[in-house]
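Enquirer: Here is a sequence together with a model predicted from it:
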Amino acid sequence: MNWITYAGPEIFYLGASLWFLLLSFAPGQKVVANGAHRREYLSAMLLASIGVLVCLASVHAQGWLFVRSYSVDIFSQVFKTLLALGLFLIVCICDRMDDVDDNRHNEFYFLLFTCTLALMLLVSAEHLLSIYLCLELSSYSLYILVGLRKRRSLGLEAAIKYFLIGSFASAAMLFGMALLYSACGTGYLADMAKTLPRILDSPAVMIGLLFTLGGFFFKLAVFPFHSWAPDTYQGGSNQVAAYIATASKVAAIAIILRVVASTAHDSAYLARVLVILSVVSMTLGNLAAIAQKDLKRLLAFSTIAHSGYILIGILVLDSAGYAATIFYALALLAMKFTAFMVVVEVAPDGRNLQIEELAGLHKRSPILALALLTALFSLAGIPPTVGFTGKFLIFTAAIQKGYVALVIFAMLNVVISLYYYLLVIKAAYLLEPAQEMPPLVVSFPKKLLAGLSIAVILFAGFCPYWFIQIAQAAAQPLIWGR
């Protein structure tokens, strides 16, 4: 067995994690004048860049590992590439981390790479026990990352809340897995797919499946496992919040797709539950976002709303819905990163950015203002952005399945979301600051990154054919598995 072919990305990110673990054991690190650990940052950039190339090189690998409990297919490899790209983008905005203790940068990168490794393992996991272990490894890495913030009154409180709600979700998921195992006599998703269709409508099995999905809904911030998101986004450092909003959500989408596609098989009961959760998540997220003054809290409630849109694609339970959801995962990665990149650049000291602080941004930094406008228009679903195309694909798949009323309700929520996104854009373009603010100094690499982010959001929305083809190819193993 060629381990490099089948598990190249996982082996690489394990090595990268161990590298930063060894660096953390080194005695007294010297900090350069601007407060940034250049050696650690450059090491992370180099490793993250190589990681993207390793994932791209292994994207066509197919096979099984660990007695068929670990699947390597186009679905898992596409999501691993998205995770590697997400990590690379987050590292790009970590050149200045004033809100993370200077003596904890090695630990920060160690946990970041470890969490990415766990998420990569998660998207390939095909056994309930391996799914649980990978999910817990990624969750505990994030709990600690949130707590690393210098502003401990915010970071520790957010980390504790995150941990407590995560523990409850984990316990519920473990209970659900036990019910599924007792009903099917196996923990393999492929074997469960042969048994569950006959017994799925029984109360015990349906409860087991819903409790199992509850652990994944926690990662995706779906109601009722959503309450951690606003406090965690606000309490964690800007870079950590960006990682949670991008890479973590991509992996959550992947594992929900794999489990639902393997076990659901057009269950009417599951579809009804997902419809309810989708409606409540969309409505709650959008209405709560209107009242927010903190930009990260607004983006957190936006995440909750978008989890409702994602559930629409999942509950369709066919290839069109799965492909649309995979495309939307790519869209979320681009949109959320672009928005958080602006947060990091406008608040370089790591403080929480208030919406009113964006006043005059179009004068202080036109490229950042344009990036924010593009990201928010895309999140709102304005054409020709990738957010519009993603919503169009999901809504079209749902209408073809007969969920016309649900799509109409989702479109009403899109209109509601447009209101609070416009409030942020209004602050950046129409409001003037209370006192004269100096221009923002944005380095050339960051301007280039902002320009590329804008280009990707517009290109993937205006010319989505290539991305749709990738999403359709990635969705095929989910159909074949049925």
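Expert: Cool, got the structure.
Enquirer: The helix ranked longest in the chain - contacts with which helices or strands?
Expert: Using DSSP state H to define each element, the chain has its longest helix at helix 152-184. Other elements packing on helix 152-184 under the criterion 3 or more CB pairs under 8 Å, 6 or more residues apart in numbering; DSSP states H and E are helix 128-147, helix 189-199, helix 203-220, helix 228-235. Just so you know, the C-beta spots here come from the backbone N, C-alpha and C atoms, and that holds for glycine as well.
Enquirer: Could you give the average pLDDT over it?
Expert: Helix 152-184 carries an average pLDDT of 85.
Enquirer: quick one: it to helix 189-199, angle?
Expert: Orientation check (axes from the mean of the first three to the mean of the last three CA atoms, to 10 degrees): helix 152-184 against helix 189-199 gives 70 degrees.
Enquirer: count of residues packed around residue 349?
Expert: Look at residue 349: counted by other CB atoms under 10 Å, it has 9 neighbours.
Enquirer: Need phi/psi at the spatially most central residue of the chain.
Expert: Nearest to the geometric centre of the chain sits residue 249, at 2.1 Å (CA atoms, centre = their mean). When read as degrees, to the nearest 10, the backbone of residue 249 gives phi -70, psi -40.
Enquirer: which residues touch it?
Expert: Listed by CB atoms under 8 Å, 6 or more residues apart in numbering, the contact partners of residue 249 are 219, 220, 221, 303, 329, 332, 333, 336.
Enquirer: Serialize those to a markdown table and add fields for neighbour count, distance to residue 421 and pLDDT.
Expert: As requested, the contacts of residue 249 are exported to a markdown table (neighbours: other CB atoms under 10 Å; distance: CB to CB, whole Å; pLDDT from 0 to 100):
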| residue | neighbour count | distance to residue 421 | pLDDT |
| --- | --- | --- | --- |
| 219 | 25 | 24 | 85 |
| 220 | 26 | 21 | 88 |
| 221 | 29 | 18 | 87 |
| 303 | 27 | 13 | 91 |
| 329 | 25 | 20 | 91 |
| 332 | 27 | 15 | 91 |
| 333 | 22 | 18 | 92 |
| 336 | 28 | 13 | 92 |
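Enquirer: With distance to residue 258 added, can I get those residues in CSV?
Expert: Formatted as CSV, the contacts of residue 249 follow (distance: CB to CB, whole Å):
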residue, distance to residue 258
219, 13
220, 13
221, 19
303, 21
329, 13
332, 18
333, 18
336, 22
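Enquirer: ok, so of the residues you listed, who is nearest residue 142?
Expert: Closest approach to residue 142 among the contacts of residue 249 (CB to CB): residue 219, at 9.2 Å.
Enquirer: Just confirm that closest one contacts residue 247, I think it does.
Expert: No - applying CB atoms under 8 Å, one finds residue 219 not in contact with residue 247, separated by 10.8 Å.
Enquirer: which residues do these two both contact?
Expert: By CB under 8 Å, 6+ apart, no residue touches both residue 219 and residue 247.
Enquirer: one step back: just say which of the helices and strands packed on helix 152-184 is most tucked in.
Expert: Mean neighbour count (mean count of other CB atoms under 10 Å) peaks for helix 228-235 among the helices and strands packed on helix 152-184, with a mean of 25.
Enquirer: Just want the angle from that one to helix 128-147.
Expert: 40 degrees.
Enquirer: helices or strands up against the following helix or strand past helix 228-235?
Expert: Next helix or strand after helix 228-235 toward the C-terminus (DSSP states H and E): helix 238-243. For helix 238-243, the packing partners by 3+ CB pairs under 8 Å, 6+ apart come out as helix 74-92, helix 128-147, helix 228-235, helix 295-315, helix 319-346.
Enquirer: try 10 Å
Expert: helix 74-92, helix 105-124, helix 128-147, helix 152-184, helix 228-235, helix 295-315, helix 319-346 (3 or more CB pairs under 10 Å, 6 or more residues apart in numbering; DSSP states H and E).
Enquirer: picking that back up, show me which residues of the longest helix of the chain are buried.
Expert: 154-155, 157-159, 161-163, 165-166, 169-170, 172-174, 176-177, 179-180, 183-184 (16 or more other CB atoms under 10 Å).
Enquirer: and the angle for it with helix 203-220?
Expert: Helix 152-184 and helix 203-220 are oriented at 150 degrees to each other (the same axes, to 10 degrees).
Enquirer: so where's the stretch 51-200 of the chain shaky on pLDDT?
Expert: 151-152 (pLDDT under 70).
Enquirer: one more time with 90, if that's ok
Expert: 54-77, 92-109, 124-131, 134-173, 176-200 (pLDDT under 90).
Enquirer: And the pLDDT for residue 35?
Expert: 45.
Enquirer: wait, residue 4
Expert: Taking residue 4 on its own, its pLDDT is 66.
Enquirer: if we can go back for a sec, tabulate the helices and strands packed on helix 238-243 (TSV), appending distance to residue 375.
Expert: Listed next are these as TSV, based on distance: least, CB to CB, whole Å:
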stretch	distance to residue 375
helix 74-92	13
helix 105-124	22
helix 128-147	23
helix 152-184	24
helix 228-235	16
helix 295-315	10
helix 319-346	4
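Enquirer: how close does residue 213 sit to residue 173?
Expert: With distances taken as CB to CB, to the nearest Å, residue 213 is found 8 Å from residue 173.
Enquirer: quick one, what contacts the residue lying closest to residue 351 once chain neighbours are set aside?
Expert: Nearest non-adjacent residue to residue 351, counting by CB to CB, 6 or more residues apart in numbering: residue 99, 7.5 Å away. Counting by CB atoms under 10 Å, 6 or more residues apart in numbering, residue 99 makes contact with 148-151, 154-155, 236-240, 344, 347-352.
Enquirer: Now restrict the residues you listed to buried residues only.
Expert: Buried among the contacts of residue 99 (16+ other CB under 10 Å): 148-151, 154-155, 236-240, 344, 347-348, 350, 352.
Enquirer: Tell me the one of these nearest residue 87?
Expert: residue 239 (11.2 Å).
Enquirer: State the distance from that closest one to residue 335.
Expert: Applying CB to CB to residue 239 and residue 335 gives a distance of 17 Å.
Enquirer: same thing with residue 348?
Expert: 22 Å.
Enquirer: cool, and residue 154?
Expert: 25 Å.
Enquirer: Identify the residues contacting residue 414.
Expert: 282, 286, 305, 309, 379, 380, 381, 382, 387, 388, 391, 395.
Enquirer: how far does the helix or strand hosting it sit from the chain's center?
Expert: Using DSSP H and E, residue 414 maps to helix 404-429. Distance, stretch centre to chain centre, for helix 404-429: 21 Å (CA atoms, centre = their mean, to the nearest Å).
Enquirer: quick one, it and helix 319-346 angle?
Expert: 20 degrees.
Enquirer: got the buried residues for helix 404-429?
Expert: 406-407, 409-410, 413-414, 416-418, 420-421, 423-425, 427-429.
Enquirer: which other helices and strands contact the next helix or strand after that helix?
Expert: Sequence-wise, the next helix or strand downstream of helix 404-429 (DSSP H and E) is helix 444-462. With contacts defined as 3+ CB pairs under 10 Å, 6+ apart, the packing partners of helix 444-462 are helix 74-92, helix 319-346, helix 366-380, helix 386-400, helix 465-480.
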